[in-house]
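K.L.:
what would the 3D arrangement of this be:
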Amino acid sequence: MIRLRHIVIAALPSLVAGHASARMVDRPVSWTFEGTRYDSVLVYDDATTARRPALLMVPAWFGLNANAIRKAEGVAGQRYVVLLTDMYGATIRPKNTAGARDAVAPLLSDRPMMRRRAAFALTQLRTLASQAPIDTTRLAAIGYCFGGAAVLDLARSGADIAAVVAFHGNLSTDDPALAHAIRARVLVMNGADDTTTSPQFDAFLTEMRGSPAPWQFLAIGHAVHCFTEKEATAATGLCRYDAQADAWSSMMMRAWLDESFSAH
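P.N.:
Sure, this is the predicted structure:
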(Lines give C-alpha, C1' and ligand atoms only; values in the text may rest on other atoms or scores of the structure.)
Protein backbone atom coordinates (compact mmCIF):
# COMPACT_ATOMS: atom_id res chain seq x y z
CA MET A 1 0.00 0.00 0.00
CA ILE A 2 1.26 3.47 -0.85
CA ARG A 3 1.06 5.49 2.35
CA LEU A 4 3.55 8.29 2.07
CA ARG A 5 3.21 10.63 -0.85
CA HIS A 6 5.18 13.80 -0.88
CA ILE A 7 7.77 15.34 -3.08
CA VAL A 8 10.35 17.94 -2.09
CA ILE A 9 13.21 19.68 -3.79
CA ALA A 10 16.29 18.87 -1.77
CA ALA A 11 20.02 19.41 -2.00
CA LEU A 12 21.95 16.41 -3.21
CA PRO A 13 25.59 16.35 -2.21
CA SER A 14 28.15 17.73 -4.64
CA LEU A 15 27.07 14.93 -6.98
CA VAL A 16 24.88 17.33 -8.96
CA ALA A 17 26.96 20.46 -8.65
CA GLY A 18 29.42 20.85 -11.48
CA HIS A 19 27.57 18.73 -14.02
CA ALA A 20 25.08 21.30 -15.28
CA SER A 21 26.06 23.07 -18.49
CA ALA A 22 24.99 26.62 -19.25
CA ARG A 23 21.61 25.41 -20.44
CA MET A 24 21.23 21.95 -18.94
CA VAL A 25 19.35 21.81 -15.64
CA ASP A 26 20.16 19.04 -13.13
CA ARG A 27 17.52 19.56 -10.45
CA PRO A 28 17.60 17.41 -7.31
CA VAL A 29 14.21 15.85 -6.55
CA SER A 30 13.37 13.75 -3.51
CA TRP A 31 10.40 11.71 -2.34
CA THR A 32 9.53 9.29 0.43
CA PHE A 33 7.90 5.97 -0.33
CA GLU A 34 7.17 3.11 2.04
CA GLY A 35 9.30 4.75 4.70
CA THR A 36 12.42 5.29 2.56
CA ARG A 37 13.73 8.51 1.07
CA TYR A 38 14.82 8.52 -2.58
CA ASP A 39 17.06 11.21 -4.11
CA SER A 40 16.67 11.54 -7.88
CA VAL A 41 17.60 14.19 -10.46
CA LEU A 42 15.39 15.95 -13.02
CA VAL A 43 17.40 16.75 -16.16
CA TYR A 44 16.39 19.04 -19.03
CA ASP A 45 17.61 21.85 -21.26
CA ASP A 46 16.04 25.15 -20.23
CA ALA A 47 17.11 26.97 -23.40
CA THR A 48 13.58 26.36 -24.59
CA THR A 49 10.35 26.50 -22.61
CA ALA A 50 8.51 24.22 -25.03
CA ARG A 51 6.84 21.26 -23.35
CA ARG A 52 8.39 17.99 -24.43
CA PRO A 53 8.12 14.26 -23.75
CA ALA A 54 9.40 13.05 -20.40
CA LEU A 55 11.36 9.88 -19.70
CA LEU A 56 11.66 7.98 -16.46
CA MET A 57 15.27 6.78 -16.67
CA VAL A 58 16.65 4.03 -14.43
CA PRO A 59 20.45 3.76 -14.57
CA ALA A 60 22.65 0.67 -14.45
CA TRP A 61 23.36 -1.05 -11.16
CA PHE A 62 25.80 1.57 -9.88
CA GLY A 63 22.72 3.74 -9.54
CA LEU A 64 22.55 7.49 -9.39
CA ASN A 65 26.05 8.90 -9.69
CA ALA A 66 27.95 11.48 -11.73
CA ASN A 67 28.28 9.14 -14.72
CA ALA A 68 24.53 8.49 -14.72
CA ILE A 69 23.83 12.23 -14.63
CA ARG A 70 26.08 12.84 -17.63
CA LYS A 71 24.31 10.05 -19.47
CA ALA A 72 20.90 11.51 -18.62
CA GLU A 73 22.03 14.89 -19.97
CA GLY A 74 23.05 13.24 -23.23
CA VAL A 75 19.71 11.49 -23.51
CA ALA A 76 17.71 14.60 -22.66
CA GLY A 77 19.27 17.12 -25.03
CA GLN A 78 16.46 19.42 -26.15
CA ARG A 79 14.20 16.45 -26.95
CA TYR A 80 13.16 15.20 -23.51
CA VAL A 81 12.85 15.92 -19.83
CA VAL A 82 14.52 13.03 -17.96
CA LEU A 83 13.84 11.94 -14.39
CA LEU A 84 16.99 10.02 -13.45
CA THR A 85 15.52 7.73 -10.85
CA ASP A 86 16.91 6.49 -7.56
CA MET A 87 15.64 2.93 -7.07
CA TYR A 88 17.75 2.04 -4.00
CA GLY A 89 17.14 4.80 -1.48
CA ALA A 90 19.16 7.90 -0.69
CA THR A 91 21.65 6.13 1.61
CA ILE A 92 22.67 3.47 -0.95
CA ARG A 93 25.24 4.60 -3.50
CA PRO A 94 27.38 1.64 -4.65
CA LYS A 95 31.09 2.34 -5.05
CA ASN A 96 32.16 -0.98 -6.56
CA THR A 97 30.82 -4.13 -8.17
CA ALA A 98 30.24 -5.87 -4.86
CA GLY A 99 28.25 -2.92 -3.58
CA ALA A 100 26.19 -2.75 -6.77
CA ARG A 101 25.44 -6.48 -6.55
CA ASP A 102 24.26 -6.01 -2.96
CA ALA A 103 22.10 -3.04 -3.97
CA VAL A 104 20.21 -4.81 -6.76
CA ALA A 105 19.78 -8.14 -4.99
CA PRO A 106 16.76 -7.16 -2.82
CA LEU A 107 14.94 -5.72 -5.84
CA LEU A 108 15.59 -8.62 -8.17
CA SER A 109 14.47 -11.03 -5.46
CA ASP A 110 11.31 -9.03 -4.66
CA ARG A 111 9.91 -8.00 -8.01
CA PRO A 112 6.60 -6.66 -6.63
CA MET A 113 8.64 -4.22 -4.53
CA MET A 114 10.63 -3.17 -7.60
CA ARG A 115 7.41 -2.61 -9.55
CA ARG A 116 5.97 -0.51 -6.71
CA ARG A 117 9.06 1.69 -6.56
CA ALA A 118 9.13 2.20 -10.32
CA ALA A 119 5.40 2.95 -10.43
CA PHE A 120 5.70 5.49 -7.64
CA ALA A 121 8.60 7.18 -9.40
CA LEU A 122 6.34 7.50 -12.43
CA THR A 123 3.72 9.28 -10.31
CA GLN A 124 6.42 11.74 -9.23
CA LEU A 125 7.36 12.39 -12.85
CA ARG A 126 3.76 13.32 -13.58
CA THR A 127 3.62 15.78 -10.67
CA LEU A 128 6.78 17.52 -11.86
CA ALA A 129 4.91 18.92 -14.87
CA SER A 130 4.12 21.95 -12.73
CA GLN A 131 7.84 22.65 -12.31
CA ALA A 132 9.39 21.60 -15.63
CA PRO A 133 8.40 21.68 -19.34
CA ILE A 134 6.82 18.21 -19.34
CA ASP A 135 4.10 17.12 -21.73
CA THR A 136 2.26 14.58 -19.57
CA THR A 137 0.55 13.10 -22.63
CA ARG A 138 3.95 11.83 -23.82
CA LEU A 139 5.64 9.74 -21.13
CA ALA A 140 7.97 6.76 -21.45
CA ALA A 141 10.59 4.86 -19.45
CA ILE A 142 14.10 3.77 -20.37
CA GLY A 143 16.63 1.70 -18.46
CA TYR A 144 20.13 0.28 -18.69
CA CYS A 145 21.33 -3.10 -17.35
CA PHE A 146 19.54 -3.37 -13.98
CA GLY A 147 17.54 -0.32 -15.06
CA GLY A 148 16.32 -2.33 -18.04
CA ALA A 149 14.85 -4.88 -15.64
CA ALA A 150 13.19 -2.08 -13.66
CA VAL A 151 11.48 -0.45 -16.64
CA LEU A 152 10.41 -3.81 -18.07
CA ASP A 153 8.79 -4.56 -14.74
CA LEU A 154 7.12 -1.15 -14.91
CA ALA A 155 5.66 -2.19 -18.25
CA ARG A 156 4.58 -5.53 -16.78
CA SER A 157 2.71 -3.62 -14.06
CA GLY A 158 0.43 -2.20 -16.76
CA ALA A 159 1.76 1.36 -16.55
CA ASP A 160 -0.11 3.83 -18.75
CA ILE A 161 2.86 5.18 -20.69
CA ALA A 162 3.61 5.25 -24.38
CA ALA A 163 6.78 3.17 -24.43
CA VAL A 164 9.50 1.34 -22.56
CA VAL A 165 13.04 0.92 -23.90
CA ALA A 166 15.59 -1.40 -22.27
CA PHE A 167 19.30 -1.45 -23.13
CA HIS A 168 21.36 -4.57 -22.30
CA GLY A 169 18.85 -5.25 -19.54
CA ASN A 170 18.08 -8.17 -17.30
CA LEU A 171 15.09 -9.83 -19.00
CA SER A 172 13.93 -12.13 -16.22
CA THR A 173 10.51 -12.00 -14.60
CA ASP A 174 8.85 -13.50 -11.55
CA ASP A 175 5.59 -14.00 -13.46
CA PRO A 176 5.50 -14.38 -17.27
CA ALA A 177 1.71 -13.93 -17.20
CA LEU A 178 2.23 -10.25 -16.36
CA ALA A 179 3.03 -9.70 -20.03
CA HIS A 180 -0.71 -9.75 -20.62
CA ALA A 181 -0.96 -6.48 -18.67
CA ILE A 182 1.60 -4.58 -20.78
CA ARG A 183 0.17 -1.44 -22.39
CA ALA A 184 3.40 0.33 -23.37
CA ARG A 185 5.17 -0.35 -26.66
CA VAL A 186 8.30 -2.27 -25.65
CA LEU A 187 11.71 -2.07 -27.35
CA VAL A 188 14.48 -4.27 -25.97
CA MET A 189 18.05 -4.15 -27.28
CA ASN A 190 20.67 -6.59 -26.03
CA GLY A 191 24.07 -7.64 -27.28
CA ALA A 192 24.01 -10.84 -29.30
CA ASP A 193 27.21 -11.89 -27.49
CA ASP A 194 26.02 -10.80 -24.04
CA THR A 195 26.63 -13.92 -21.97
CA THR A 196 25.01 -12.21 -18.96
CA THR A 197 21.56 -11.92 -20.55
CA SER A 198 21.59 -14.26 -23.55
CA PRO A 199 20.46 -17.26 -21.44
CA GLN A 200 17.26 -15.25 -20.83
CA PHE A 201 16.50 -14.56 -24.51
CA ASP A 202 14.27 -17.55 -25.27
CA ALA A 203 12.16 -17.21 -22.13
CA PHE A 204 11.74 -13.48 -22.75
CA LEU A 205 10.56 -14.04 -26.32
CA THR A 206 8.07 -16.63 -25.11
CA GLU A 207 6.84 -14.23 -22.45
CA MET A 208 6.43 -11.31 -24.82
CA ARG A 209 4.39 -13.33 -27.28
CA GLY A 210 1.69 -13.05 -24.64
CA SER A 211 1.76 -9.24 -24.66
CA PRO A 212 -1.06 -7.41 -26.47
CA ALA A 213 1.19 -4.37 -26.98
CA PRO A 214 3.62 -3.88 -29.89
CA TRP A 215 7.14 -5.01 -29.03
CA GLN A 216 10.52 -5.55 -30.62
CA PHE A 217 13.54 -7.52 -29.43
CA LEU A 218 16.82 -6.68 -31.16
CA ALA A 219 20.05 -8.61 -30.74
CA ILE A 220 22.94 -6.35 -31.71
CA GLY A 221 25.70 -8.27 -33.46
CA HIS A 222 29.10 -8.56 -31.73
CA ALA A 223 27.94 -6.44 -28.76
CA VAL A 224 28.31 -7.74 -25.21
CA HIS A 225 26.93 -6.47 -21.91
CA CYS A 226 27.20 -2.75 -20.98
CA PHE A 227 27.51 -1.62 -24.61
CA THR A 228 26.16 1.88 -23.77
CA GLU A 229 28.29 2.34 -20.65
CA LYS A 230 31.28 4.53 -21.59
CA GLU A 231 32.96 3.66 -18.30
CA ALA A 232 33.25 0.00 -19.37
CA THR A 233 36.61 0.58 -21.03
CA ALA A 234 38.09 -2.95 -21.09
CA ALA A 235 39.22 -4.04 -24.55
CA THR A 236 37.77 -7.48 -23.93
CA GLY A 237 35.46 -9.04 -21.38
CA LEU A 238 31.82 -9.58 -20.52
CA CYS A 239 31.04 -5.87 -19.92
CA ARG A 240 32.37 -3.54 -22.63
CA TYR A 241 31.39 -0.24 -24.23
CA ASP A 242 30.69 -0.35 -27.97
CA ALA A 243 30.46 3.09 -29.58
CA GLN A 244 28.70 1.84 -32.71
CA ALA A 245 26.15 -0.19 -30.73
CA ASP A 246 25.60 2.78 -28.42
CA ALA A 247 24.96 5.20 -31.28
CA TRP A 248 22.76 2.77 -33.20
CA SER A 249 20.67 1.80 -30.17
CA SER A 250 20.20 5.46 -29.23
CA MET A 251 18.95 6.19 -32.74
CA MET A 252 16.57 3.24 -32.51
CA MET A 253 15.31 4.49 -29.15
CA ARG A 254 14.50 7.92 -30.52
CA ALA A 255 12.68 6.46 -33.53
CA TRP A 256 10.73 4.08 -31.28
CA LEU A 257 9.76 6.89 -28.92
CA ASP A 258 8.70 9.19 -31.76
CA GLU A 259 6.48 6.47 -33.20
CA SER A 260 5.11 5.56 -29.77
CA PHE A 261 4.24 9.13 -28.83
CA SER A 262 2.45 9.57 -32.15
CA ALA A 263 0.43 6.40 -31.60
CA HIS A 264 -0.36 6.89 -27.89
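
K.L.:
secondary structure element for Gly210?
P.N.:
Following DSSP states H and E, there is no helix or strand that holds Gly210.

K.L.:
so which helix or strand takes in Ala255?
P.N.:
According to DSSP H and E, Ala255 maps onto helix 243-263.

K.L.:
that helix packs against which elements?
P.N.:
Packing partners of helix 243-263 (3 or more C-beta pairs under 8 Å, 6 or more residues apart in numbering; DSSP states H and E): strand 52-58, strand 134-144, strand 163-167, strand 185-191, strand 215-220. To be clear about C-beta, it is placed using only N, CA and C from the backbone, and glycine gets the same treatment.

K.L.:
change it to 7 Å
P.N.:
Helix 243-263 sits against strand 134-144, strand 163-167, strand 185-191, with contacts defined as 3 or more C-beta pairs under 7 Å, 6 or more residues apart in numbering; DSSP states H and E.

K.L.:
in three-state terms, label the nearest residue to Asp46 once chain neighbours are set aside for me.
P.N.:
Counting by C-beta to C-beta, 6 or more residues apart in numbering, Val25 is the residue found nearest to Asp46 once chain neighbours are left out, at 5.0 Å. Using DSSP: H, G, I helix; E, B strand; the rest coil, the secondary structure recorded for Val25 is strand.

K.L.:
tally of neighbours for Val25?
P.N.:
By the criterion of other C-beta atoms under 10 Å, Val25 has 17 neighbours.

K.L.:
go on, the one 4 residues further on?
P.N.:
Using other C-beta under 10 Å, the number of residues around Val29 comes to 25.

K.L.:
where's it relative to Asp193, distance?
P.N.:
Val29 sits 37 Å away from Asp193, going by C-beta to C-beta, to the nearest Å.

K.L.:
returning to what we had before: please work out which of the helices and strands packed on helix 243-263 is packed deepest.
P.N.:
strand 163-167 (a mean of 29; mean count of other C-beta atoms under 10 Å).

K.L.:
where does the stretch 51-200 of the chain have low pLDDT?
P.N.:
Along the stretch 51-200 of the chain, the model assigns pLDDT under 70 to no residue.

K.L.:
all helices of it, in order?
P.N.:
With DSSP state H, counting those that start in this stretch applied, the stretch 51-200 of the chain shows helices at 66-76, 97-109, 111-127, 146-156, listed in chain order.

K.L.:
before we move on, the earlier item: so can I have CSV of the helices and strands packed on helix 243-263 showing distance to Pro176?
P.N.:
Shown next, in CSV, are the helices and strands packed on helix 243-263 (distance: least, C-beta to C-beta, whole Å):
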stretch, distance to Pro176
strand 134-144, 19
strand 163-167, 16
strand 185-191, 14
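
K.L.:
which one of those strands lies nearest to Ala119?
P.N.:
strand 134-144 (10.3 Å; C-beta to C-beta).

K.L.:
partner strands of the closest one, with direction?
P.N.:
Using DSSP bridges, strand 134-144 pairs in its sheet with strand 52-58 (parallel), strand 163-167 (parallel).

K.L.:
can you add distance to Ala245 and give these back as CSV?
P.N.:
Output for the strands paired with strand 134-144, formatted as CSV (distance: least, C-beta to C-beta, whole Å):
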stretch, distance to Ala245
strand 52-58, 19
strand 163-167, 9
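
K.L.:
for Gly237, which of the ones you listed is the nearest?
P.N.:
strand 163-167 (17.8 Å).
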